[in-house]
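[1] Structure for the following, please:
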Amino acid sequence: MILAVLFANSEGNILIEKMIPSYSQPLTPHREAWSVSSCKPRNGVASLRDDNLDTYWQSDGAQPHLVNIQFQKKVQLQLVVLYVDFKLDESYTPSKISIRAGDGFHNLKEIKTVDLLKPVGWVHISLSGTDPRETFIHTFMLQIAVLANHLNVWPRP
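    Numbering: from 1, shown residues only. This next block holds a predicted model:
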């Protein structure tokens, strides 16, 4: 899974954390701290954040698998973009994801839950609420939780 986080900075410019063709430049790494719940050797945070679709994060523990992004100051987040490919790894491709936000680990609240059915390519997850005026969420921390993958979904579609 490859992850991109879209947000607006204080000047209103839209920025992307992971390079995606046709989007803007990635953020500088000193603005946020990235961590994962577990990873296999050579498939950790660096692989999640580089601009290479051939590299990826691969967890090495029990679910949920977590990606945590902590920001130094409150940011406006609009969109989470994941690159997933069911055709390359049908068993471990995420099938259910939870997006959580808060001030830190102690008060994360679920923003969205998304079911993915055999996804291939970029999956865009809007963080806006049901009110159209809620374009952004404002947070110090974002967590992406892989709650299930296609291997452990039963019954299979």
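[2] any low-confidence regions in the chain?
    1-30, 90-91, 129-134, 152-157 (pLDDT under 70).
[3] for it, what spans make up the helices?
    With helices called from DSSP state H, the chain shows them at 45-49.
[4] quick one, strands of it?
    Ranges of strands in the chain, per DSSP state E, are 2-8, 14-16, 32-36, 65-85, 94-102, 109-115, 120-126, 137-149.
[5] could those go into a markdown table alongside distance to Ser47?
    (C-beta placed from N, C-alpha, C; glycine too.) Formatted as a markdown table, the strands of the chain follow (distance: least, C-beta to C-beta, whole Å):
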| stretch | distance to Ser47 |
| --- | --- |
| strand 2-8 | 9 |
| strand 14-16 | 17 |
| strand 32-36 | 10 |
| strand 65-85 | 12 |
| strand 94-102 | 16 |
| strand 109-115 | 22 |
| strand 120-126 | 17 |
| strand 137-149 | 15 |
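[6] Off-centre distance for stretch 35-47?
    Its chain's C-alpha centre and that of stretch 35-47 lie 14 Å apart, by C-alpha atoms, centre = their mean, to the nearest Å.
[7] distance of Phe140 from Thr93?
    Distance from Phe140 to Thr93, counting by C-beta to C-beta, to the nearest Å: 30 Å.
[8] So those two - more neighbours on which side?
    Thr93 (20 against 17; other C-beta atoms under 10 Å).
[9] Nearest residue to the more buried one in space, please, no chain neighbours.
    Leaving aside its sequence neighbours, Thr93 sits nearest to Phe86 (C-beta to C-beta, 6 or more residues apart in numbering; 4.6 Å).
[10] my guess is Glu110 contacts Gly102, does it?
    No - counting by C-beta atoms under 8 Å, Glu110 stays clear of Gly102, with 9.9 Å between them.
[11] Which one of those two is surrounded by more residues?
    Neighbours were counted for Glu110 and for Gly102 using other C-beta under 10 Å; Gly102 has more, 16 against 12.
[12] Excluding chain neighbours, give the residue nearest to that one in space.
    Of all residues not flanking Gly102 in the chain, Leu108 sits nearest, at 4.1 Å (C-beta to C-beta, 6+ apart).
[13] which residues sit in contact with the one you found?
    Shown in contact with Leu108 (C-beta atoms under 8 Å, 6 or more residues apart in numbering): 100-102, 141, 143.
[14] Over to it: give its phi and psi.
    Main-chain torsions, Leu108, degrees, to the nearest 10: phi -70, psi 140.
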